[in-house]
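Asks: Generate coordinates for the sequence data below:
(chains A, B and C)
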Amino acid sequence: MIAGAGVAGCTGGPDGGSESASGGTTGTASSADTVKIGVLEDQSGNFALVGDPKHKASMLAIQEINNNGGIGGREIEPVTRDPQSDNQRYQELTRDFINEEDVDVLWAGYSSATREAIRPIINRNEQLYFYTTQYEGGVCDSTTFACGPTARQQLGSVLPYLREEFGPEIYTIAADYNFGQLSADWVRVLADENDAEVVGEEFIPLSESSFGSVINNIQDADPDFVMSMLVGANHTSFYEQKASAGLEVPIGTSTAMAQGYEHRRLDPPAMANIYAGVNYMEEVPTESNTGDGGFADRYYEKYPDAPYLNEEAETNYFTTYMYKQAVEQAGTIEQPEVIEALESGISLGTERAPEAPEGETIELDGATHHVDHHMWVLRADQEHNIEEITNRKIPEQFLSETVGCDLREEDEQTQYTPRDYFEEAE
Amino acid sequence: MGTTADSVRDRFGFLAGIRDRFEGPNTIGNSRPFWIGFAAVLAVLAVYPFLPFIGTGSQLSLFLVLAVLGLSLSLVWGYSGVLSFGQVVFFGFGAYTFGVVSINFPDATGITGAVVAGVLAGGLGAALMGYFMFYGGVRDVYVTIITLVSTMVMLTFMSQTAGSAWTIGEAALGGFNGMPDIPLLTLGIEGVFTFQFVFNEMQVWLPLFGWNEIDPFYYLSLVAVVGTYFGLRALVNSDFGRVMVAVREDEDRTRMFGYDVKRAKLLVFTLGGALAGLAGVLYAARNVYIDPTVFELWFATLPVVWVSVGGRKSLLGAVIATVSIEYFRLSIGGDWALVVLGALLLVVIVALPGGLVPWVDRQVRRLDVFGESGEAPDPGDAPDAAAEVSDS
Amino acid sequence: MVNGLNLAFQFLDSFAFIVLAAAGLAIIFGIMGVINLAHGEFILMGAYGTTLAVTKLGLPLPVAMGVGALVTAGFGLIVERTIISGFVPNWLGQRTIGRDLIDPLYDRLADSMVATFGLSLIMVQGARILFGNSIETVATPLGNVAYGEFSYSTYRVVLAGVSIAILVAVYYLFTRTDYGMRARATIQDEDTAKALGVDTERIYMTTFAVGSGLAGLTGALFAPVLSMQPTLGDQFLVEAFVAVVVGGPSVVLGTALSGGALGLVNATVTNLLDSTTFGRIGLLVVAILALRFLPEGITGFIERIRARRQEGE
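Replies: Below you'll find the model as predicted:
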């Protein structure tokens, strides 16, 4: 929220802002022939592993659209820099993209911290912004479209299945920061909804790579299954250590395999019996994804040396197509009109459409700016082959049903958390 | 003093008196040409946003804020010999305190108070840590390590302060995701006079340049840096400044001469903490955001890098190096960017261990570029000395 | 819940981690006064060297570990000759313009930090450019040891034994070999040592190589349990620095004692409070307190007591 004293001076906007009256500008605004798309994704630093595929997928979508006549006849001009996983850099580059480069739309950031860091600048300039990483959920913001799957959608796909298969006792292990803690709250809510019980909860700092005590605690609690929301390079060690310690309890996760492709990097059977609840992995068995000439094929044709096509990359990809559809529907690249078009509800794909590799159709919910994702439960076996267990459409529930966020009616810039709405999350 | 200074004093007695406060053996640049050059640079900076191809000055304001942080380390390390990795701790204290207070009191008076609170928080934190270390007899490298470890503690602790439990009044600490919803920096007294500095681009007219859009925060940060620079210059050239330098050069000997070394170090460390706190306040105000990444080892090392490259014993060096290195870091891109940066740091520190600005100063003196015949030569500079790098 | 065996294994795990993280750094800092901020990247080099030796060259794991350590030692040698001592640039300088180009970094605390910081940037980004954002990992060998309903990875426990073996080896190196004797002479009084004919240049060179090799060995040993990314060195830095300084001037005994003390604090707090976060904070707070009350580290304190007692006799 932009609280505080009144704003003097001119407001920001796509073409307003900081061009100096006496000198030239450093970037050119998009003309009648081009659309400027800004993409700020980590290609080095801590998040390079998961951020680089996002960058690549955006470039793939842009290339495909340009090859097919662009957006309503306009060519897309991509504007990209490497923010190096550094939030201070993100802030400066975002300012630059909005004020100097005048981008018409912006994709930026892997972590929620990045989203928060640039939010004041986004809000100040009312910049159309797509945030495409899986995240804790709850962002109700007039110009932000958080299109990645939310914790409720991800956990909500895998937890009920595991409860049915293995039993009601759950042990939660999560990274000790906002996303992990909020995800753990959602596990409690979902446990309550599915007649299950959280028998233990443990939070591990992001910098920790020794999991001996965590493994012992799990063994002590002896749950029916574990829910893991571990994040980052250091936490990858958990899977190796658990395999080495012979811990065989089934593990449901929203974070592992789909983002950082642990099943390709670690030796089997480290990821055996791990169930990922995600909207997309490279192995998702839809025609538009793994079929001939499908998404995966097209990605590797452009990037033959890429190591993996991850969850967030797919979101970058289809949101680019959603933006295209919205601009063509609105008939203009002016951001307020495009946002209005997006809010009227955009839907992509049929079984054979290229833009929705995760399956069938996906809809952008205009009221909440989130996506009703096609959620999968995918399991890694002893050799780290991925098999499909189940899949279904899970709409965004928290903001639309529980909170009642409707950005078509009312502008706001808030993030809601489950603790304020669910007793069980306490 | 030679004839030049005398004539200056005759003509501008008042000004020369002022100059005396800011000149001395502890700072680089004690001559008229230096001050003329300095004034010229200052004039350029004053009209910086009006120059062609420059935006509102917003980007430079970031580097100026960081320069205040660099100056705080220069004071503590260059002039008192305390290599502190912990300046970022006080920077963070200042930033977070500003956030907490301003969120709870979001009107102009409250925000102004928050600025003061942030500076005090930085100073207080430094006073506590300094007392703990210096009065406990901790010295040299162990001071460095303690300050380093304290940043680790802050990082680990602050990263897990997500969730509604970690709220001070209305302000959520925010954990890893950072503190949201910091009010826009507006100084003054509510109802009497207020001015918003952040996100307040305004059109200003200057003779010769015409109308231009400026970011008022830029001027705020410029005043902060220049004010800090002059304040520190006066301090290090004062009597207390000489005590500081004596402590840096040889602590035991200084103590034997009867000076209370512990108190001196504590005072300097506290002042350094307050300055770092000020920089933190400005940082959080400018970005309307603060998160625990300011406590990371990487960010804690940056001030050491700036001050080392700029010249440990030079305030001007700290400012110039901070602005240059941060500008360079932001502008370079591509795969090889970080490699180039690393190589540059390596080469500079290995080839010019005293730092860039003292080296430039030595070259300028050696070449006697400004013909300062009246000035006494720098004692270390024999006319036939090869440019041996000293290892002080 | 505090289970005795659990606590014991977690302690050994923590001890091994701290000792191995600190080993190379302790030698380089203790003997040469150089703070190597690229220490994490030397560990990275050992880890990558080992992993690539297994996956690309098909070497068996123990051999691959040796390869990783040796490669890092070699690289350390190059770094020492070019940057730390400046031997190579000065040699070039003498040949071309007739004078030394740079000063050595020994005992220049801050400058060695900046230089090695620059080096670490180069190494991390270099690894990223050469090998991408990640490489395939090697499996953890040796299975697990089960006791009741619990089990612990055998390998992690074995690492504790390995870390002790390394400490013993380093002790042997410094007390029973020629090199060790000369190295200790150089630490104690460089000028006298030189006057007595010790080639201090060579000692520094060898020491840095040994320290780097040890860091590489740490990387090699941890390769089967870590995620292979260019930033993997970061997780060792804090424990390494803290352990080195809390340990004090005696390299072997200091590292062992601080590893023991800090490892114990970490394991106990984690177990008691059921929180890894507070286990870590506990370790850091104890380190700060230790430095405050034992400003010369544990072994410095021991030496002072010993000296005082000797005086008293």
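Asks: What about C:L196, how many residues nearby?
Replies: Residues near C:L196, counting by other CB atoms under 10 Å in any protein chain shown, number 10. All C-beta atoms are positioned from the backbone trio N, CA, C, and that covers glycine.
Asks: which ones are touching it?
Replies: Counting by CB atoms under 8 Å, 6 or more residues apart in numbering or on different chains, C:L196 makes contact with C:A185.
Asks: how close does it sit to C:D189?
Replies: C:L196 sits at a distance of 10 Å from C:D189 (criterion: CB to CB, to the nearest Å).
Asks: Now do the same for the residue lying closest to A:V249 once chain neighbours are set aside: helix, strand or coil?
Replies: Among residues not flanking A:V249 along the chain, A:V226 sits closest, at 5.6 Å (CB to CB, 6 or more residues apart in numbering or on different chains). At A:V226 the chain is in strand, as set by DSSP: H, G, I helix; E, B strand; the rest coil.
Asks: list the contacts for A:V226?
Replies: Residues in contact with A:V226, defined by CB under 8 Å, 6+ apart, are A:I170, A:Y171, A:T172, A:I173, A:I218, A:V249, A:P250, A:I251, A:G252.
Asks: and if we set it to 6 Å?
Replies: By CB atoms under 6 Å, 6 or more residues apart in numbering or on different chains, the residues touching A:V226 are A:Y171, A:V249, A:I251.
Asks: Determine how far stretch A:35-51 lies from the middle of the whole chain.
Replies: The chain centre lies 13 Å from the centre of stretch A:35-51; the measure is CA atoms, centre = their mean, to the nearest Å.
Asks: How about stretch A:105-112?
Replies: The mean C-alpha position of stretch A:105-112 is separated from the chain mean by 9 Å, CA atoms, centre = their mean.
Asks: does chain C sit close to that stretch?
Replies: No. Judged by CB under 6 Å from any CB of the partner chain, stretch A:105-112 stays clear of chain C, getting no closer than 12.6 Å.
Asks: First-to-last residue distance for that stretch?
Replies: 19 Å (CA to CA, to the nearest Å).
Asks: Say whether chain B is contacted by it.
Replies: Yes. On the criterion CB under 6 Å from any CB, stretch A:105-112 is in touch with chain B at A:S112.
Asks: Let's have the contacts of A:V226 in JSON lines, adding distance to C:F15.
Replies: JSON lines is the format used below for the contacts of A:V226 (distance: CB to CB, whole Å):
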{"residue": "A:Y171", "distance to C:F15": "27"}
{"residue": "A:V249", "distance to C:F15": "28"}
{"residue": "A:I251", "distance to C:F15": "28"}
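Asks: can you give me the strands for chain B?
Replies: Ranges of strands in chain B, per DSSP state E, are B:167-168, B:171-172, B:186-189, B:193-196, B:202-206, B:210-214.
Asks: just to revisit the earlier point, which among the contacts of A:V226 gets closest to C:A287?
Replies: Using CB to CB, the shortest approach to C:A287 within the contacts of A:V226 belongs to A:Y171, at 31.3 Å.
Asks: number of nearby residues for that closest one?
Replies: The local packing of A:Y171 (other CB under 10 Å) involves 25 other residues.
Asks: Name the SS class of it, please.
Replies: Assigned state for A:Y171: strand (three-state reduction, three-state DSSP).
Asks: circling back to that earlier point, need the strands of chain B in CSV (columns: distance to chain C).
Replies: As requested, the strands of chain B are arranged in CSV below (distance: least, CB to the nearest CB, whole Å):
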stretch, distance to chain C
strand B:167-168, 19
strand B:171-172, 19
strand B:186-189, 37
strand B:193-196, 38
strand B:202-206, 39
strand B:210-214, 35
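Asks: Deepest-packed of the ones you listed, please.
Replies: Of these, the one with the most neighbours on average (mean count of other CB atoms under 10 Å in any protein chain shown) is strand B:171-172, at a mean of 21.
Asks: Need the mean per-residue confidence for it.
Replies: Averaged across strand B:171-172, the pLDDT comes to 88.
Asks: Show residues contacting it.
Replies: Residues outside strand B:171-172 that contact it (CB under 6 Å, 6+ apart) are B:V100, B:I103, B:N104.
Asks: of those, closest to C:I164?
Replies: Using CB to CB, B:V100 comes nearest to C:I164 of those, at 47.6 Å.
Asks: so the spatially closest residue to the closest one that is not a sequence neighbour bridges to which residues?
Replies: Using CB to CB, 6+ apart and skipping the chain neighbours, the partner closest in space to B:V100 is B:A171 (4.3 Å). Note on B:A171: beta-bridge partners B:I168, judged by DSSP bridges.
Asks: Check the gap between the residue of the stretch 1-150 of chain B found nearest chain A and chain C for me.
Replies: Per CB to the nearest CB, B:P52 is where the stretch 1-150 of chain B lies closest to chain A, at 3.4 Å. Distance of B:P52 to chain C, given as CB to the nearest CB, to the nearest Å: 34 Å.
Asks: Not counting residues beside it along the chain, what's closest to B:F257?
Replies: Once flanking residues are discounted, B:F257 sits nearest to B:A246: 7.7 Å by CB to CB, 6+ apart.
Asks: again but with A:T34, I slipped
Replies: A:E77 (4.7 Å).
Asks: SS state for that neighbour?
Replies: strand.
Asks: Who is it paired with across the strands?
Replies: Under the criterion DSSP bridges, A:E77 forms beta bridges with A:K36.
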